[in-house]
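[1] Sequence and computational prediction follow.
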Amino acid sequence: MSNKNEIQRAFIPADRIDYADHAVVSRTIIKKPSGNISLFAFDMEEGLSEHSSPHEALVQVLDGSVEITIGGVPCTVRAGESIILPADIPHALLAKERFKMMLTMIKN
């Protein structure tokens, strides 16, 4: 996304990534030593198994909805909503329907 032709042009994040059947698709928008911004598109019933990160992250759901479990507590997050993934707390994602998200990870 760091193409010079795209600098200073507004865009709709959900339009910058497409769904794929039975898959999770990702696209990095910004990658810096201080953190990353990535787009993801999950097909229904796809997900990320429980894991943790030493960095905080913000999930912004762009389309659909997802069940995100943080520290063993499930939460449904819908399009237009966001949730913070705290550092060092296990979390997992499961697409109850197709969904797209933007993930902003801030490195400590």
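    Nice, I can see it. This is a predicted model, so every value here is computed, not measured. Residues are numbered from 1 along each chain as shown.
[2] Please make it C-alpha for all contacts and neighbour counts, starting now.
    Will do.
[3] residue ranges with poor pLDDT in this protein?
    1-7 (pLDDT under 70).
[4] just the strands in it please.
    Under the criterion DSSP state E, the chain carries strands at the ranges 24-32, 35-42, 47-51, 56-63, 65-70, 73-78, 82-85, 91-94, 99-106.
[5] neighbouring strands for the last one, and are they parallel or not?
    What it means is strand 99-106. Paired neighbours of strand 99-106 in the sheet (DSSP bridges): strand 35-42 (antiparallel), strand 56-63 (antiparallel).
[6] So what's the gap between that strand and the chain middle?
    3 Å (Cα atoms, centre = their mean, to the nearest Å).
[7] Tell me what angle that strand forms with strand 24-32.
    Relative orientation of strand 99-106 versus strand 24-32 (axes from the mean of the first three to the mean of the last three Cα atoms, to 10 degrees): 30 degrees.
[8] before we move on, what about the second one?
    Taking the same axes, to 10 degrees, strand 35-42 and strand 24-32 form an angle of 170 degrees between their directions.
[9] Could you list the buried residues of strand 35-42?
    If you call a residue buried by 16 or more other Cα atoms under 10 Å, then strand 35-42 has these buried ones: 36-42.
[10] List just the nearest of those to Arg16.
    Leu39 (7.9 Å; Cα to Cα).
[11] check contacts around that closest one.
    13-14, 16-17, 26-29, 100-103 (Cα atoms under 8 Å, 6 or more residues apart in numbering).
[12] Kindly state the beta-bridge partners for it.
    Listed beta-bridge partners, Leu39: Arg27, Met102 (assigned using DSSP bridges).
[13] Could you report the distance from it to Gly72?
    With distances taken as Cα to Cα, to the nearest Å, Leu39 is found 25 Å from Gly72.
[14] Please identify the most buried of the strands of the chain.
    strand 99-106 (a mean of 23; mean count of other Cα atoms under 10 Å).
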